[in-house]
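Visitor: predicted model and sequence below, questions to follow.
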Amino acid sequence: MADKEPATEQLFLELRFGVLSGHYPPGQALAREALCSLYGLNTVAVTEVLNTLVLEGYLTRAKPGHYAVKAWSRNEIEDLYEMRASLEGIAVARAAERASEAEIAVLQDQIAAAQVPLLPGEGPERTIHHRLRFHAEIMKMAKIPALPDMARTFLPNALNRRICWSLRAGDLQQSLRSRGKIGAAIAERNAAMARLLMREEVFASREAVLAEIDALGNLPCPPEATIERLAGPFAHNGQSFGLGTREAAADGKLIPLRTLAG
């Protein structure tokens, strides 16, 4: 396999892909030493990657040096959806009231760009990035100082990608139309309608995500993962997923690969 990314980036992408595809099931332990050996990286570099995956919601760390695939519960997912519906509903209403005309124009351009048909072989990666940019832009337009920091909690990267992996092509098209209606309500300064539409958009994916969580929880799960190099593609729900690229968090900022206590 010819790596097109630095070794740490490649490790991040392959582990993320393994989690999303169920190659590494929820609750399975990932041996840091095995990752170091397979990827030719030292302990510090691997720890950076693993800790970033924890921050993005893909892994958990029970104690220093011990990592496992995060096992999302139905209650946790439902709570996150309720938080998202409430807080993003407030955000979009404030955006309708407070955003400048220039900010609204930027949002409209983003919505239009998301509606351009995918090129052959482009896959769903562009959709994943557009969804996050849309939500991050509305957080910014709301002009609520505390909201961007909170956004990483109620819309972690792992949930955004799980949403996109759980939806079929028709669902994705419906989401595009929904975002267009939200943008129009903001442009019309109709805060109540924008809030209602945002709540509908948030909850539209909940049942599909819960079904994905249930399916992943039923996969065979040896206690410790057999670490392998992964490249994709992975066919799922009528889409073909590859490793993809890194994306910013819901606050619009990329979570850097960082060294935390490992």
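Guide: That came through fine. Numbers count the residues shown, from 1 in each chain.

Visitor: CA only for contacts and neighbour counts going forward, please
Guide: Noted.

Visitor: pLDDT value on the nearest residue to residue 95 once chain neighbours are set aside, please?
Guide: The shortest distance from residue 95 to any non-neighbouring residue, by C-alpha to C-alpha, 6 or more residues apart in numbering, is to residue 142 (4.1 Å). Looking at residue 142, its pLDDT is 97.

Visitor: now swap in the one 5 residues further on and tell me
Guide: Per-residue confidence (pLDDT) for residue 147: 93.

Visitor: again, but for the one 4 residues further on
Guide: Residue 151 is assigned a predicted lDDT (pLDDT) of 91.

Visitor: what separates the host helix or strand of it from the chain centre, distance-wise?
Guide: Per DSSP states H and E, residue 151 falls inside helix 147-154. Mean-position distance between helix 147-154 and its chain equals 13 Å (C-alpha atoms, centre = their mean, to the nearest Å).

Visitor: please apply the same query to stretch 194-209.
Guide: With C-alpha atoms, centre = their mean, you get 16 Å for stretch 194-209.

Visitor: show residues contacting it.
Guide: 78, 81, 84-86, 88-90, 92-93, 96, 162-163, 166-167, 175, 178-179, 181-183, 185-186 (C-alpha atoms under 8 Å, 6 or more residues apart in numbering).

Visitor: which strands or helices does the helix holding residue 151 pack on?
Guide: helix 74-98, helix 125-142 (3 or more C-alpha pairs under 8 Å, 6 or more residues apart in numbering; DSSP states H and E).

Visitor: let me see the mean pLDDT of the helix or strand following that helix.
Guide: Note on helix 147-154: by DSSP H and E, the next helix or strand toward the C-terminus is helix 157-166. Confidence over helix 157-166 (mean pLDDT, whole number) is 94.

Visitor: cool, stretch 103-110 as well?
Guide: Here the average pLDDT along stretch 103-110 is 96.

Visitor: residues of it that come out buried?
Guide: 103, 104, 107, 108, 110 (16 or more other C-alpha atoms under 10 Å).

Visitor: name the residues that touch it?
Guide: Residues outside stretch 103-110 that contact it (C-alpha under 8 Å, 6+ apart): 130, 133, 134, 137, 138, 141, 180, 183, 186, 187.

Visitor: gap between the third one and residue 180?
Guide: Between residue 134 and residue 180 the computed distance is 10 Å (C-alpha to C-alpha, to the nearest Å).

Visitor: what is the most widely separated pair among the contacts of stretch 103-110?
Guide: Greatest spatial distance in the contacts of stretch 103-110: 130 and 187, 19.0 Å, computed using C-alpha to C-alpha.

Visitor: which one's more surrounded, these two?
Guide: Neighbours were counted for residue 130 and for residue 187 using other C-alpha atoms under 10 Å; residue 187 has more, 22 against 18.

Visitor: excluding chain neighbours, what is closest to that one?
Guide: In space, and not counting its chain neighbours, residue 187 is closest to residue 104: 6.3 Å by C-alpha to C-alpha, 6+ apart.

Visitor: give me the element that neighbour is part of.
Guide: Applying DSSP H and E, one finds residue 104 within helix 101-114.

Visitor: returning to that earlier point: surely the residue nearest to residue 95 and residue 91 touch.
Guide: Yes - with contact defined as C-alpha atoms under 8 Å, residue 142 counts as touching residue 91 (5.0 Å).
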